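Chemist: Show me the folded form of this:
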Amino acid sequence: MSSLALPLSQPREVSRRRLSLRRVVINPQAGEAQRRDAPAPSQSAMRTVKSAVARLEALVRDNRPASGQGEPVPLDTLMRGATTLPILHNGEVYTLRKTRYGKLILTK
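Modeler: Below is the predicted model:
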């Protein structure tokens, strides 16, 4: 049994993936020639690490919730044909009212 359990009501923010690297040599003779022409192992290792980091950053960026303001929502979608909309904020009920002239009034 795992030591960490998330309740089902909480969404997972970031899924974890395990990155594995493997090297497959099909022709050992050709591999020797390629090794002579290949850059130093430290440069190759750095490229591999940078590639893995870039993929991980992309995964985190894609799974991050949208920040800042979102897309504008039409007022008719929120009001659903009504002229008033009760809004609960910090335990207080506010009322958003649309006037007949199309103005919005927010009252406590």
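Chemist: rest of the way, CA atoms for contacts and neighbours
Modeler: OK.
Chemist: which SSE is I87 in?
Modeler: If you go by DSSP states H and E, I87 is part of strand 84-89.
Chemist: So what touches the next helix or strand after that strand?
Modeler: Under the assignment DSSP H and E, the closest C-terminal helix or strand after strand 84-89 is strand 92-98. If you take Cα atoms under 8 Å, 6 or more residues apart in numbering as the criterion, strand 92-98 is touched by T83, T84, L85, P86, I87, L88, L104, I105, L106, T107, K108.
Chemist: mind putting those in JSON lines, pLDDT, neighbour count and distance to M46 included?
Modeler: Formatted as JSON lines, these follow (pLDDT from 0 to 100; neighbours: other Cα atoms under 10 Å; distance: Cα to Cα, whole Å):
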{"residue": "T83", "pLDDT": "88", "neighbour count": "13", "distance to M46": "61"}
{"residue": "T84", "pLDDT": "89", "neighbour count": "16", "distance to M46": "60"}
{"residue": "L85", "pLDDT": "88", "neighbour count": "15", "distance to M46": "57"}
{"residue": "P86", "pLDDT": "90", "neighbour count": "14", "distance to M46": "56"}
{"residue": "I87", "pLDDT": "88", "neighbour count": "15", "distance to M46": "53"}
{"residue": "L88", "pLDDT": "86", "neighbour count": "10", "distance to M46": "52"}
{"residue": "L104", "pLDDT": "92", "neighbour count": "14", "distance to M46": "57"}
{"residue": "I105", "pLDDT": "92", "neighbour count": "11", "distance to M46": "59"}
{"residue": "L106", "pLDDT": "92", "neighbour count": "13", "distance to M46": "57"}
{"residue": "T107", "pLDDT": "92", "neighbour count": "11", "distance to M46": "59"}
{"residue": "K108", "pLDDT": "88", "neighbour count": "9", "distance to M46": "59"}
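Chemist: Before I go, just wanted to say thanks for your time.
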